[in-house]
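[1] Just a sequence and a predicted model for now, questions to come.
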Amino acid sequence: MQKATANGYHSKQQTIMILEKIEALLKEVAALSAKNAEDIEQLRLKYLSKKGEINAVMADFRNVAADQKRAVGIKINELKQAATDKINELREQIETTETGTESIDLTRTAYPIGLGTRHPLTIVKNEIISIFQRMGFTLYNGPEIDDDKHVFTMLNFAADHPARDMQDTFFISQNKDDVTKNVLLRSHTSGDEAHYMETHEPPIRVLCPGRVYRNEAISARAHCFFHQVEGLYVDKNVSFTDLKQVLLTFAREMFGPDTKIRLRPSYFPFTEPSAEMDISCNICGGKGCGFCKHTGWVEILGCGMVDPHDLEACGIDPEVYTGYAFGMGVERITNLKYRVNDLRLFSENDTRFLEQFQSAY
Ligand SMILES: [Zn+2]
């Protein structure tokens with residue numbers, strides 16, 4: 001009969017009992033289930049708390065035979081990990097099903113989603129386009145980053161032309177040997193007309209809307225970017241009379257049938273002759289008020305007959321064709337129509353301002 005010390009015999013028995021207990025607990029843990037968060041808390045208390053089953057096993061660990069301690073230790077850790085994993089897994093299942101079935105009522109009426117509004121500049125731009133489209137103009141969108149050739153040179157701005165100083169341009173790259181190769185942010189959409197004339201045969205009747213950039217200090221009356229709509233008509237026998245009639249029709253469509261127009265001689269490098277167009281003040285009806293500086297007139301656009309140089313530069317025979325061009329600032333027209341007195345409002349994205357504009361356009 002084996003004679004063992006009381007201690008050794010005791011330890012062997014204890015070790016077998018502990019290993020059996022661990023095996024039983026592992027099976028138990030693998031089969032755990034829970035219906036809700038409370039069940040899970042109960043399981044956590046039963047297995048993982050200070051007074052839980054696993055801690056009880058660890059309390060018996062000191063009775064394990066010395067040569068078995070390592071193997072039993074590994075088993076205990078395995079059990080602890082299995083219990084933690086299982087309880088976390090159950091918790092995840094409950095959380096998923098709870099949010100899936102209890103928190104969301106799919107039969108409830110949805111919250112209304114607020115519809116946005118068009119930007120006032122877009123509303124006015126679309127209105128301008130719509131008026132000219134009804135008169136047969138098509139649309140062309142040119143590049144915002146363009147070269148000097150199209151923005152200045154083809155439009156009769158000579159390399160040292162003083163008109164170039166009229167516009168503080170954002171240059172992207174400058175070519176010391178050949179200014180026409182300078183790359184820049186377009187300072188007007190007239191460059192689009194050069195692109196269009198270069199690639200299309202007359203008759204041309206085109207509208208070029210778009211954003212333009214100038215290096216100006218930002219204030220209520222000036223901004224480093226704004227929007228223009230330019231128009232161009234090139235065909236045989238196009239005269240200044242045609243230009244005036246088209247602009248009068250536009251002014252009446254835009255500001256009301258009683259609107260009068262006035263053309264004043266002006267200067268632009270790309271048109272000859274050139275004019276600025278005023279409309280009768282739509283606030284005082286032409287009687288004179290603070291808005292029109294008591295003149296009864298407000299300026300809205302520039303225009304003129306296309307300079308023969310421009311036609312030639314774009315490959316159109318100026319002996320055969322003539323044309324007119326006009327250009328207006330969308331911000332200017334919007335200010336007149338809606339009496340907005342600060343340009344910065346258009347780009348601050350303040351919804352209190354933007355929400356005031358509603359349109360089907
Ligand atoms: Zn007025």
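    Thanks, I have it.
[2] okay, CA-based contacts and neighbour counts for the rest of this
    Noted.
[3] distance of K51 from the ion?
    Per Cα to the ion, to the nearest Å, K51 is found 89 Å from the ion.
[4] Ok, T117 next?
    Separation of T117 from the ion (Cα to the ion): 30 Å.
[5] thinking that residue is in contact with R352, fair?
    No. Counting by Cα atoms under 8 Å, no contact exists between T117 and R352, whose distance comes to 11.5 Å.
[6] Between the two, point out the one with more neighbours.
    Using other Cα atoms under 10 Å, the more surrounded residue of T117 and R352 is T117, with 15 against 8.
[7] Quick check: P209 is in a helix.
    No. The assignment for P209, made by DSSP: H, G, I helix; E, B strand; the rest coil, is strand rather than a helix.
[8] Quick check: beta-bridge partners of it?
    Beta-bridge pairing of P209 under DSSP bridges involves V229.
[9] my guess is it contacts Q228, does it?
    Yes. If you go by Cα under 8 Å, P209 and Q228 touch, sitting 5.6 Å apart.
[10] more neighbours, these two?
    Shown here are P209 and Q228; by other Cα under 10 Å, P209 has more neighbours (27 against 21).
[11] Now do the same contact list for the more buried one.
    125, 139-141, 189, 227-230 (Cα atoms under 8 Å, 6 or more residues apart in numbering).
[12] got a pLDDT number for it?
    Model confidence at P209, expressed as pLDDT, equals 95.
[13] Enumerate the residues of the protein near the ion.
    With the criterion set to Cα under 5 Å from the ion, the chain comes near the ion through 281, 284, 288-289, 292, 296.
[14] rewinding a little: quick one: which of the contacts of P209 has the most company?
    Among these, the one with the most neighbours (other Cα under 10 Å) is T189, at 28 neighbours.
[15] Go ahead and confirm it touches G210.
    Yes. Judged on Cα under 8 Å, T189 makes contact with G210 at a distance of 6.6 Å.
[16] Mind listing the shared neighbours of the two?
    142, 228-229.
[17] Could you pick out the one among the residues you listed with the lowest pLDDT?
    G142 (90).
[18] show me the residues around that residue that make contact.
    G142 makes contacts with 189, 191-192, 195, 208, 210, as judged by Cα under 8 Å, 6+ apart.
[19] If I look at the residue of the stretch 51-200 of the chain found nearest the ion, what pLDDT would I see?
    Residue nearest to the ion within the stretch 51-200 of the chain (Cα to the ion): V124, separated by 20.8 Å. We have a pLDDT of 93 for V124.
[20] who touches both of P209 and Q228?
    Common neighbours of P209 and Q228 (Cα under 8 Å, 6+ apart) are T189.
[21] Okay, strands next: where are they in the stretch 151-300 of the chain?
    With DSSP state E, counting those that start in this stretch, the ranges of strands along the stretch 151-300 of the chain come out as 171-173, 183-185, 204-213, 225-235, 261-268, 271-280, 297-306.
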